[in-house]
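1. Quick one, structure for this:
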Amino acid sequence: MTYPWPGMNPWLENSLLWPNVHVSLITALRDELTPLLRPRYFVAVETRTVVSSLPTASSLVRIPDVMVIHRGGPPVAVVAEADTPYLTVELPIESVEEGYLEVRLVPSGEVVTVIEILSYSNKAPGRDRDAYLAKREELLRTDVGFVEIDLLRDSQPMPLTEVPASDYRLFIRRREQSFHARLYPFGVRQRIPTFPLPLLPDDTEPKVDLSGLIKGVYERAGYDLVIDYNQPPVPPLKDEDAAWAAEVLKTQT
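-> Residues are numbered from 1 along each chain as shown. This is a model prediction of the structure:
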């Protein structure tokens, strides 16, 4: 099945599929930008570790602050265990690496722009969202360019992107405009707005076409093989959008 959607495919938002889409889209964006930015800039894929300690607990982003590294030397003295009875319980800990992009200046490695594609752990209420918002606020206080791509209809939008109400959002803060940002709200029936990637002043800024990137990812990864279009997407569409999507799919039969 060819890609029939003008912009975002709402079936790709399913929480079971989105982590795979998320990784694929980050890689595709890196591969698209690298030949456009070299040799002045290097596009790096960075990761953070998302840890969930219990199935019902919120996720927590952990960027390790302290590590114990074995360097040799005499062993540390071990205290003998007491005879107090105890039970050994299994901790259902799950960790996931989430990626984002940094555009760095060559050869200094200075971070010029950070690109975030939001995940469910970023948007869902809880400790992970709080941690992401803290990092986001810290980033917005610097002179680093910031691009935030929200292609998930579920959960609350990020601060400064709530109005006007929309299905999806692009949020772009340029380093030379510290107190202003561009917000591109758009709906499921629309093509994703093409936007210029913030770089250093006087540099030529490439246009980012996310609609084309998603189409390419969808076709290369074969997501049509695992999506059941006979079932409504998760999360569901509004009634009028569901009717529109049904008409779009009819053209593929």
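2. buried ones in the helix or strand where Leu25 lies?
-> Taking DSSP states H and E as the definition, one finds Leu25 inside helix 18-37. For helix 18-37, a neighbour-count test (16 or more other CB atoms under 10 Å) marks 18-19, 21-26, 28-30, 32-33, 37 as buried. Backbone N, C-alpha and C define where each C-beta goes, glycine included.
3. Give me the contact list for that helix.
-> 12, 42-43, 45, 96, 98-101, 103, 115, 117, 119-120, 152, 197, 199, 206, 208, 210, 213-214, 216-217, 220-221, 223 (CB atoms under 8 Å, 6 or more residues apart in numbering).
4. mind redoing it with 7 Å?
-> Helix 18-37 is contacted from outside by 12, 43, 45, 99, 101, 103, 115, 117, 119-120, 197, 206, 213-214, 216-217, 221, using CB atoms under 7 Å, 6 or more residues apart in numbering.
5. In helices only, show me those residues.
-> 120, 213-214, 216-217, 221 (DSSP state H).
6. Can you pick out the most distant pair from these?
-> Tyr120 and Gly216 (22.9 Å; CB to CB).
7. circling back: could you give the average pLDDT over the helix holding Leu25?
-> Mean pLDDT, helix 18-37: 96.
8. any idea how far it is from the chain center?
-> 11 Å (CA atoms, centre = their mean, to the nearest Å).
9. Next: stretch 117-132.
-> So, by CA atoms, centre = their mean, the centroid of stretch 117-132 is 10 Å from its chain's centroid.
10. Extract the CA atoms of it and return them as PDB.
-> Extracted in PDB, the C-alpha atoms of stretch 117-132 (Å, rounded to 0.1, in the frame of the first residue of the first chain):
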ATOM      1  CA  ILE A 117      10.600  14.300  18.300                       C
ATOM      2  CA  LEU A 118       8.300  13.800  21.200                       C
ATOM      3  CA  SER A 119       7.600  10.300  22.500                       C
ATOM      4  CA  TYR A 120       4.700   9.100  24.700                       C
ATOM      5  CA  SER A 121       7.000   9.200  27.800                       C
ATOM      6  CA  ASN A 122       7.600  12.900  27.100                       C
ATOM      7  CA  LYS A 123       3.900  13.700  26.900                       C
ATOM      8  CA  ALA A 124       2.200  11.500  29.400                       C
ATOM      9  CA  PRO A 125       1.700  13.000  32.900                       C
ATOM     10  CA  GLY A 126       4.300  11.900  35.400                       C
ATOM     11  CA  ARG A 127       7.900  12.100  36.300                       C
ATOM     12  CA  ASP A 128       9.200  11.600  32.800                       C
ATOM     13  CA  ARG A 129       7.200  14.600  31.400                       C
ATOM     14  CA  ASP A 130       8.300  16.600  34.400                       C
ATOM     15  CA  ALA A 131      12.000  15.700  33.700                       C
ATOM     16  CA  TYR A 132      11.600  16.500  30.000                       C
END
